[in-house]
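Participant: Got a sequence here, can you build the structure:
(one chain, ligands or ions: 1)
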Amino acid sequence: MNTIILFGTESGNAELVAFDLADHLNQSAGVAVHDMSTFDVTELDRTALHIFVCSTYGEGDLPVGAEPFHQALDALAPDLTGLRYAIFGLGDSTYHETYSHGSEIIDALLTRLGAQRVSTYGRHDAASNSDATELALAWADSLTEELEAAPACPFMSQH
Ligand SMILES: Cc1cc2nc3c(=O)[nH]c(=O)nc-3n(C[C@H](O)[C@H](O)[C@H](O)COP(=O)(O)O)c2cc1C
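Facilitator: Model (predicted):
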């Protein structure tokens, strides 16, 4: 299955993680990386797994790089039934009230449009001493294992 990694960033961390994830996953299947600020939402593809890597800015807002994607998808509101995605949010838990909310805005919209989130919700907390790429790669390994154990059902792949 092809993988499309979409990053939404303001200061570059999510972009770095997205490209590190692509290097890590780029084995048998194809992996493409796109900036959410320039991605055409009509190119969301039910035959591919989408991985969203998105940070949080302002007061729990989307980073500027994710805003065009969110606006376009919200306006077009396509039926995304059958589209599978995973999400890795970047945030900082010192923002107690709004920790990782940016990625959650994307998650909520995708779910509302019928897409199905797979695996656990990945998160990196900038207030921790953990490395975002290390965490993301470990998260991607468990995502891959889960998908191999439970591939998409035939009903979904027909859409
Ligand atoms: C001005 C500013 C506001 C932020 N607001 C939040 C926030 O509300 N919630 C949160 O979880 N993280 C917040 N963060 C932390 C960022 O999400 C975190 O540093 C992240 O790694 C940035 O990723 P990026 O470089 O891809 O944009 C904020 C950071 C800055 C500099």
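
Participant: Low-confidence stretches in the protein?
Facilitator: Residue ranges of the chain with pLDDT under 70: 27-29, 152-159.

Participant: Helices of that one, residue ranges please.
Facilitator: Secondary structure of the chain by DSSP state H: the helices cover 13-25, 67-76, 101-112, 132-149, 154-157.

Participant: and the ligand, which of those helices is closest to it?
Facilitator: Taking CB to the nearest ligand atom, helix 13-25 is the member of those nearest to the ligand, at 3.3 Å. From N, CA and C alone the C-beta is placed, and that goes for glycine too.

Participant: picking up where we left off before, tabulate the helices of the chain (JSON lines), appending mean neighbour count and distance to the ligand.
Facilitator: Converted to JSON lines, the helices of the chain look like this (neighbours: other CB atoms under 10 Å; distance: least, CB to the nearest ligand atom, whole Å):
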{"stretch": "helix 13-25", "mean neighbour count": "20", "distance to the ligand": "3"}
{"stretch": "helix 67-76", "mean neighbour count": "16", "distance to the ligand": "12"}
{"stretch": "helix 101-112", "mean neighbour count": "19", "distance to the ligand": "6"}
{"stretch": "helix 132-149", "mean neighbour count": "16", "distance to the ligand": "7"}
{"stretch": "helix 154-157", "mean neighbour count": "11", "distance to the ligand": "30"}
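
Participant: And the residue of the protein closest to the ligand?
Facilitator: Closest point on the chain to the ligand, by CB to the nearest ligand atom, is residue 91, at 2.5 Å.

Participant: What is the neighbour count of that residue?
Facilitator: For residue 91, the neighbour count with other CB atoms under 10 Å is 23.

Participant: What separation is there between it and residue 134?
Facilitator: Note on residue 91: its distance to residue 134, by CB to CB, to the nearest Å, is 17 Å.

Participant: now do residue 105
Facilitator: Counting by CB to CB, the gap from residue 105 to residue 134 is 25 Å.

Participant: Over to residue 44?
Facilitator: With CB to CB as the criterion, residue 44 and residue 134 are 29 Å apart.

Participant: go on, residue 7?
Facilitator: From residue 7 across to residue 134, the span is 17 Å (CB to CB).

Participant: Then residue 48?
Facilitator: Relative to residue 134, residue 48 is positioned 25 Å away (CB to CB).

Participant: And residue 143, by the same measure?
Facilitator: 15 Å.

Participant: do residue 71 as well
Facilitator: With CB to CB as the criterion, residue 71 and residue 134 are 33 Å apart.
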